[in-house]
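K.L.:
Provide a 3D model corresponding to the input given below.
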Amino acid sequence: MESYLQYQGNKFIERFDANSFLYITKAADYFDLARQYGKGSLVNAFSRCAAKFLVVSYTSDWLYPTYQSKEMVQAMKKSHLDVSFVEIDAQWGHDAFLLPNKHLDNLISGFLKGVAHES
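P.N.:
Predicted coordinates:
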């Protein structure tokens, strides 16, 4: 795990200014969808959406834990949106989405094909 983190860290600093990571993490930490777009309610925040959603969560993601994804899915359903949810068992934490995953590839591919077919 240590070598993986070192490798990802080196890749990151080659592509971004050092301060960009600070701004990105600060924006992610302080952003509140319900407050910003829903007057305190996730249902209100999603009520203006017309898109279809695929929400994918990882069991070991501590930055965006599954319970938060499920809260969004519930709000989307209350807003009568077409939403699918999948939780993928993974041991690599938040960076699990960066690693090759055939299951994730198939989920996204199937979702996009379905959306494209309806267009």
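
K.L.:
low-scoring stretches of this protein, by residue?
P.N.:
Applying pLDDT under 70 to the chain flags the ranges 1.

K.L.:
now with 90?
P.N.:
Using pLDDT under 90 as the threshold, the predicted model of the chain has low-confidence ranges 1-25, 28, 63, 92-95, 97-100, 115-119.

K.L.:
Tell me which stretches of it form strands.
P.N.:
Ranges of strands in the chain, per DSSP state E, are 53-58, 83-88.

K.L.:
With only the CA atoms kept, save the last one in CSV.
P.N.:
Same thing as strand 83-88. As requested, C-alpha coordinates have been extracted for strand 83-88 and formatted as CSV (Å, rounded to 0.1, in the frame of the first residue of the first chain):
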residue,chain,number,x,y,z
VAL,A,83,-31.2,6.1,-10.2
SER,A,84,-29.3,2.9,-9.9
PHE,A,85,-27.0,2.1,-6.9
VAL,A,86,-24.2,-0.4,-6.6
GLU,A,87,-21.8,-0.9,-3.7
ILE,A,88,-18.5,-2.6,-4.7
